[in-house]
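S.K.: sequence first, predicted model second:
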Amino acid sequence: MVSPFRMSAILEVAVRDRLISTNDAKGAGLPKKNVKRKAYLTFEQVELLASKSAGYGPLVLTMAYTGLRWGEVTALRVQDYDAARRRLTVNENAVDVSGKIHVGKPKSHKSRSVPIAGFLVHLLSEATTGKQPLDLIFGDGRNYVRQSTSGRGWFAKAVRLSQKDDETFPRVTPHDLRHTAASLAVSAGANVKAV
């Protein structure tokens, strides 16, 4: 099936090549998307999820308290971590496309510096101990931590285990931790516009 955007682009080329006189798809409205309700975790639920994450607790906490995207957090290198200034510098984004990791610039195409909470300094310092500046912070330092796409992966399992312990625990994805970070920052008194 061809998307409406692609169809419009195809017809636009046909108009330009004088194969048809008008592009009837131009400006056609698309059906409304069903927007999934965003899930937000509480401070306690973030801690619970991290505790159930089979060795990935520091990664979960970093995502939940910085708002970094999956590809950004898994592409962080030791040299991107500044414990003294309590900052992470986002320089790369690692995306899994059909089982192959592609590394490029972040979504904004610019590097950015992200503040980290004091308690993350200890966790990130532990995660970087014994690693070289170009090693990845999370995982073994050489291989990117992969986001499990099945319901059997480590993240989905951590969510299920958390739901067993807390009946109010919502079904969340790694991207929902980005929303959680914003929600927790606002609830802690951060300026909504700054967040």
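M.R.: Done, it's in.
S.K.: gap between stretch 90-98 and the chain center?
M.R.: With CA atoms, centre = their mean, to the nearest Å as the basis, stretch 90-98 stands 10 Å off its chain's centre.
S.K.: buried set for that stretch?
M.R.: Using 16 or more other CB atoms under 10 Å as the test for burial, stretch 90-98 gives 90-95. No exception for glycine: its C-beta is placed from N, CA and C like everyone else's.
S.K.: helices of the chain, start to end?
M.R.: 4-16, 43-51, 57-66, 70-74, 118-128, 154-165, 176-187 (DSSP state H).
S.K.: which strands and helices sit next to the second one?
M.R.: Meaning helix 43-51. Helices and strands touching helix 43-51, by 3 or more CB pairs under 8 Å, 6 or more residues apart in numbering; DSSP states H and E, are helix 57-66, helix 154-165, helix 176-187.
S.K.: next, the angle helix 43-51 makes with the second one.
M.R.: Meaning helix 154-165. Interaxial angle, helix 154-165 versus helix 43-51 (axes from the mean of the first three to the mean of the last three CA atoms, to 10 degrees): 130 degrees.
S.K.: distance between helix 154-165 and the chain's centre?
M.R.: With CA atoms, centre = their mean as the basis, helix 154-165 stands 18 Å off its chain's centre.
S.K.: and the contacts of it?
M.R.: Applying CB atoms under 8 Å, 6 or more residues apart in numbering, the contact partners of helix 154-165 are 45, 48-49, 52-54, 56, 60, 147-148, 150, 169, 171-174.
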